[in-house]
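Visitor: structure of the sequence below:
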Amino acid sequence: MKKSYIVIRFLVILMMIAAFVACASTPQQSSTGEVVDDSVITTKVKSELAGDEFLKSFQISVETRKGIVALSGFVDSQKAKDKAGQIARGVGGVKSVENALIVK
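Guide: As a prediction, this is how the structure comes out:
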């Protein structure tokens, strides 16, 4: 009886370890929590950009991966590009901003 209890306990601990390892993120794959956080950051950045009077007329694409925000699209001045980057940096949870906006 005692031997079977030890074996069952060992198996449960082994299954818990396997579950934690399976849910962990890797450099190539994001965990579910990271994906949700990234989508929240993307939504906040898009909302801030759309709410800005100076930038709302531009089509700026926003993508977020592991807290790194990538801005792409076209703007008409360096000032608009800089302002978009500044707004994105000001959103909570943003680790860094890759500003690939093109001034046309």
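Visitor: make it CA atoms for all contacts and neighbour counts henceforth
Guide: Will do.
Visitor: quick check: phi and psi on the residue sitting nearest the centre point of the chain?
Guide: By C-alpha atoms, centre = their mean, the chain has its centre lying nearest to D38, at 2.6 Å. Dihedral pair for D38: phi -60, psi -40, per degrees, to the nearest 10.
Visitor: hang on, isn't it packed against A70?
Guide: No. Contact criterion C-alpha atoms under 8 Å: D38 and A70 do not qualify, at 11.3 Å.
Visitor: quick one, what contacts V69?
Guide: T42, V62, E63, A88, V94, K95, S96, V97, E98 (C-alpha atoms under 8 Å, 6 or more residues apart in numbering).
Visitor: host element of it?
Guide: strand 68-75 (DSSP states H and E).
Visitor: grab the nearest non-local neighbour of L101.
Guide: S72 (4.6 Å; C-alpha to C-alpha, 6 or more residues apart in numbering).
Visitor: which pLDDT value goes with the one you found?
Guide: Per-residue confidence (pLDDT) for S72: 96.
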